[in-house]
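Enquirer: using only what follows, build the 3D model:
(one chain, ligands or ions: 1)
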Amino acid sequence: MTVLVFLDPDYPDGRIADASQPQLKVTDTGVTRGDGIFETMLAVSGTPRKLRAHLARLATSAEAMELDVPASDVWERAISTALTVTDDDGDLVVKLVATRGEEGAGATAWVLVSPVPGGLRGRRLAVLLLDRGYDSTVGQRAPWLLMGAKTLSYAVNMAALRHARSHGADDVIFTSSDGKVLEGPTSTVLIARVRDGVKHLITPQLESGILPGTSQGALFTAARSAGWELGYGPLVPADLFASDGVWLISSVRLLAEVESIDGKPVTVSPELTAELGALVDSVS
Ligand SMILES: Cc1ncc(COP(=O)(O)O)c(C=O)c1O
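Expert: Purely as a prediction, here's the structure:
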């Protein structure tokens, strides 16, 4: 069952609405311009994971696009209402959306809770490297491109995934026009390097215009406590092939191991995947 709760000043705990019925005006700028932001998180046994990190990123995205969104405690109450109403005790996707709303009328904001789609997890991925067309310094030079914000304008990301699938691959790793590894359309890239018995976990640096992943952030904290050395790019495609493991990580699919890039195999390590997977599971 999908549960919908609008953030509405007249309803302190959120206004429950029927997700199977039309609810948005066709003139909402979220629809007409993709002008808005979102977050997608996982709830396990009725509790959202990494709630603080998701709400913090939502606030950062809102600030980047000068969007006035409800405060964190209002989101928290609406999330809690939605999770209380649902009759599903499996893992759930909790999506937060805020649009700029009707011209001049203020943000439209809602929480949507739905089951995790089947078949999403536990598969090794064939990945294509696709050029995103921007260089790796664009985020700092051109803040209006909103590179580090989680905006609703995901049509390009979805097109990249369709391109990969129509070429027999499962997912994408974007590269910059100056040849740096960036991120997946809906995930963060991780590699492992084991040198002289020391395990290194490395991700592209945020300054390259990528979204700060909450899963990567939480995994890095857990991995450091477990004795891993941490590193932040820059990475180039050759680093992926020379690594001891490549993964895409995100909040709902969690850790997904990459088995090939552009049709060429990369090292897979069931041991490292199991170790990192356990660390991901320990993160709440
Ligand atoms: C572009 C992009 N990068 C990274 C991520 C991973 O973020 P998180 O781990 O917070 O889900 C996402 C999530 O959807 C994303 O859309």
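
Enquirer: name the SS class of His200, please.
Expert: Using DSSP: H, G, I helix; E, B strand; the rest coil, the structure places His200 in strand.

Enquirer: what is the burial count for it?
Expert: By the measure other Cβ atoms under 10 Å, the count of residues near His200 is 16. Every C-beta, even on glycine, is put in place using the N, C-alpha and C of the backbone.

Enquirer: residues touching it, list them.
Expert: 192-194, 228-231 (Cβ atoms under 8 Å, 6 or more residues apart in numbering).

Enquirer: and which of the residues you listed is nearest Trp75?
Expert: Leu230 (29.7 Å; Cβ to Cβ).

Enquirer: list the contacts for the closest one?
Expert: Residues in contact with Leu230, defined by Cβ under 8 Å, 6+ apart, are 200-202, 220, 223-224.

Enquirer: distance of Gly46 from Gly90?
Expert: Using Cβ to Cβ, to the nearest Å, Gly46 is found at 10 Å from Gly90.

Enquirer: right, I mislabeled it, should have said Ser80
Expert: 18 Å.

Enquirer: go on, Glu183?
Expert: 28 Å.

Enquirer: neighbour count for those two, which is higher?
Expert: A count of neighbours by other Cβ under 10 Å puts Glu183 above the other of Glu183 and Gly90, at 25 against 10.

Enquirer: show me what contacts the more buried one?
Expert: Contacts of Glu183 (Cβ under 8 Å, 6+ apart): 173-174, 189, 204, 210-211, 213.

Enquirer: any of the contacts of His200 buried? List them.
Expert: Using 16 or more other Cβ atoms under 10 Å as the burial test, the contacts of His200 include 192-193, 228 as buried.

Enquirer: turn those residues into a markdown table, columns for secondary structure, distance to Glu39 and pLDDT.
Expert: A markdown table is the format used below for the buried ones among the contacts of His200 (DSSP: H, G, I helix; E, B strand; the rest coil; distance: Cβ to Cβ, whole Å; pLDDT from 0 to 100):
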| residue | secondary structure | distance to Glu39 | pLDDT |
| --- | --- | --- | --- |
| Ala192 | strand | 27 | 98 |
| Arg193 | strand | 31 | 97 |
| Trp228 | coil | 27 | 98 |
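
Enquirer: from the contacts of Leu230, which single one is nearest the ligand?
Expert: The shortest approach to the ligand among those belongs to Phe220, at 11.3 Å (Cβ to the nearest ligand atom).

Enquirer: looks to me like Ser136 is in a helix.
Expert: No - going by three-state DSSP, the assignment for Ser136 is coil, not a helix.

Enquirer: which residues are in contact with it?
Expert: Contacts of Ser136 by Cβ under 8 Å, 6+ apart are 176, 178, 180, 182, 207-209, 234.

Enquirer: equivalent analysis for Lys199, please.
Expert: By Cβ under 8 Å, 6+ apart, the contact list for Lys199 reads 192-193, 227-229, 272.

Enquirer: which positions in the stretch 151-284 of the chain make contact with the ligand?
Expert: Proximity of the stretch 151-284 of the chain to the ligand (Cβ under 6 Å from any ligand atom) is limited to residues 183, 186-188, 211, 213-216, 250-251.
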